[in-house]
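[1] only the shape, not the letters, is given here:
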């Protein structure tokens, strides 16, 4: 049996998560020794319709994209949603804060009709997803872990505790103690509190934990006298598309 | 009736991430020649409305994963100018260094992974793993070195973390400076075989006079981060007047807005910058430009890749200088900022409008924001280099096609693809084969 054939596909996104793979350096050659990359548009001209694993980057934002992702799902044995745009809608979800014709006209004026658009959806909101790699951009050590699980045919469990759990271990000073709001308390861990380690706040790019400690969060907001809408507004930067979740395809589960 | 059919064809070919070249030659006469590069629309300018100006950098860096540091810097410049904040000398210097890292990272990716396969006659870098293993290893190593330096400076290269409005949320310690300097020296070592390799690559012959546009200044410094907008036709305007330069206009055959200033089109990017600021290149970069035959004004667009190599040499030299200065003078950690959404009002905000004009790898990038007195974004506009270059690429194709009409379809296709790739348009479009349609050939 030959090597597993892996294809990368991108939808609405910045392609920064694909770039994370190119950024692996020479160890990329080791990965290429373990798998057969048959399509990777960012750095390859080759194309293929024959693959085992599809890695999907980007959100679903056009009718054409809906059809395309369905076709990919038919072919792929394993489908990995890769990066925030694919796993939770990501920054593309901010579009859903607006009336679609309004935002189309604002950006493209008289040519708006050329730019067909539908409310931003994460990949699992259109087709079943087998693995999720969250993050904007993805955290490479986690992607390698997921890829190994996918190749071994075992599930990968996304950490479902808050970023704070990792942040504390990294001994960062709490942003709230500095008078700044941070989404660490309600955001899924797994990034090793990447942004806070570098002096910035957590923007919630990995999506919300499934069971956030709401009362604890309320206590924090009260203690620091922070209006709830500030935090809600921040949540809507990455997490607006969660409103597209239905009972049939709840976030993080196969539908 | 014909017009309707045309719109339909255009619409059907507008598939995400595809570049389409349409060539229509009738009885040996070129009737139409055009380029469409289309990505799924993401409506960034629209989404920014109502958000805090302190979020603009975080959001707009997500426009492009490859240029996320460039978008970061243009966004910050526009935001700070809008609210009336002046960054410190140290901050400006660190930002210049960050931009050098992005230029190096992007140029190396383009030269090695995109252009070299063309010039070596293969479809992508993958076959080169077997035939030119050392070259591929070097390319990936150089790319990773840039990445490692960005990790130290701003947390990561794709979507930098600590470079924000007001300054840096993390500042390099002495060990960080040493580590970055060691990495940059390692990169410098790899530049030598890179330059040697480039000397063996043959760029196609082609000439077309056009206008070259980029940042200009009155100092000795080759401008990447700050300056006015100038052109090789001798024009110069303040960055706030960028609309006088871009003059975006609609063309009937394409949905992409085109740009022109004093001629029918203009070019931005490495070749434009070298043409404008050749005298300000550092000595070794200038020597390489001379060796590669790039002198102002060089009018062969294929040489944009060679100009990128010249800039790499310049950025390495200047980057080492900046790091050594920081090692001598020290980094003032008192300038560390914690801003968030400016909840504590550490940065005074006023209503206003600001423009950022930054030379990112592919050319001059404009961000333009208008904010209200609370720092909420009221209007936003971004003009990326690739859209400015589209019109110039089409003009190049119109001159090139009649000159090579005696060649086979495959050869014409390849020459056109190479031309488009030379501009280093948004990488996703340039990496894979463009669809070339011959009509009435």
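    That came through fine. All figures in this text were calculated on a predicted structure; none of them were measured in a lab.

[2] ranges for the strands of the stretch 101-250 of chain A?
    Under the criterion DSSP state E, counting those that start in this stretch, strands of the stretch 101-250 of chain A are mapped to A:131-133.

[3] how many residues are close by the residue in chain B that chain A sits nearest to?
    Closest approach of chain B to chain A (C-beta to the nearest C-beta) occurs at residue B:65, with a separation of 2.1 Å. In this view, the C-beta of every residue, glycine as well, is placed from N, C-alpha and C. Counted with other C-beta atoms under 10 Å in any protein chain shown, the neighbours of residue B:65 add up to 27.

[4] name the SS class of residue B:55, please.
    Under DSSP: H, G, I helix; E, B strand; the rest coil, residue B:55 falls in the helix class.

[5] I'd say it and residue A:237 touch.
    Yes: using C-beta atoms under 8 Å, residue B:55 is in contact with residue A:237, at 6.9 Å.

[6] domain ranges for the chain?
    If you meant another chain, say so; for now it's chain A. Chain A resolves into domains spanning A:4-158, A:163-238 when parsed by automatic domain parsing.

[7] other chain: chain B
    Using automatic domain parsing, the domain ranges for chain B come out as B:1-39+B:410-441, B:44-409.

[8] count the neighbours of residue 113 for me.
    Answering for chain A, as no chain was given. Residues within reach of residue A:113, counting by other C-beta under 10 Å, total 11.

[9] not what I meant, chain B
    Neighbours of residue B:113 using other C-beta under 10 Å come to 23.

[10] ok so, going back, the domains of chain A: which one's closest to chain B?
    domain A:4-158 (2.1 Å).

[11] the closest one - what's its average pLDDT?
    Mean per-residue pLDDT for domain A:4-158: 89.

[12] how about stretch B:135-144?
    On average, the pLDDT along stretch B:135-144 is 91.

[13] show me where the stretch 151-300 of chain B has strands.
    For the stretch 151-300 of chain B, the strands defined by DSSP E, counting those that start in this stretch cover B:163-164, B:167-168, B:211-216, B:228-231, B:236-237, B:249-251, B:254-258, B:266-267.

[14] buried deepest among those, which one?
    Comparing these by mean neighbour count (mean count of other C-beta atoms under 10 Å in any protein chain shown), strand B:266-267 comes out on top with a mean of 28.

[15] helices and strands around it, which ones?
    Contacts defined by 3 or more C-beta pairs under 8 Å, 6 or more residues apart in numbering or on different chains; DSSP states H and E place strand B:266-267 against strand B:211-216, helix B:385-403.

[16] can you put these in a markdown table and add mean pLDDT and distance to residue B:237?
    Putting the helices and strands packed on strand B:266-267 into a markdown table (pLDDT from 0 to 100; distance: least, C-beta to C-beta, whole Å) gives the following:
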| stretch | mean pLDDT | distance to residue B:237 |
| --- | --- | --- |
| strand B:211-216 | 98 | 10 |
| helix B:385-403 | 91 | 15 |
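
[17] so which of these is the most surrounded?
    Neighbour counts (mean count of other C-beta under 10 Å) averaged over each of the helices and strands packed on strand B:266-267 peak at strand B:211-216, with a mean of 24.

[18] residues in the stretch 101-250 of chain A within reach of chain B, list them.
    Residues of the stretch 101-250 of chain A lying close to chain B (C-beta under 8 Å from any C-beta of the partner chain) are A:102-104, A:106-108, A:110-111, A:114-115, A:117, A:136-137, A:175, A:178-182, A:194-195, A:197-201, A:203, A:226, A:230, A:233-234, A:237.

[19] need the contact list for residue A:4.
    If you count contacts by C-beta atoms under 8 Å, 6 or more residues apart in numbering or on different chains, residue A:4 has them with A:35, A:36, A:52, A:53, A:151.

[20] determine which two of those are furthest apart.
    Farthest pair in these (C-beta to C-beta) is A:36 and A:151. Separation: 11.5 Å.

[21] can you give me the helices in chain A?
    Ranges of helices in chain A, per DSSP state H, are A:16-22, A:27-34, A:63-75, A:84-87, A:100-108, A:140-152, A:163-169, A:194-197, A:214-223, A:228-238.

[22] report all helices and strands that the fifth one contacts.
    Which is helix A:100-108. Here helix A:100-108 touches helix B:44-48, going by 3+ C-beta pairs under 8 Å, 6+ apart.

[23] so for the helix it packs on, mean pLDDT?
    Averaging pLDDT along helix B:44-48 gives 90.

[24] hmm, that helix touching chain A?
    Yes: for helix B:44-48 and chain A, the contact criterion (C-beta under 8 Å from any C-beta) is met by B:44, B:45, B:46, B:47.

[25] and those as JSON lines, adding neighbour count?
    Listed next are the residues of helix B:44-48 next to chain A as JSON lines, based on neighbours: other C-beta atoms under 10 Å in any protein chain shown:
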{"residue": "B:44", "neighbour count": "21"}
{"residue": "B:45", "neighbour count": "21"}
{"residue": "B:46", "neighbour count": "22"}
{"residue": "B:47", "neighbour count": "26"}
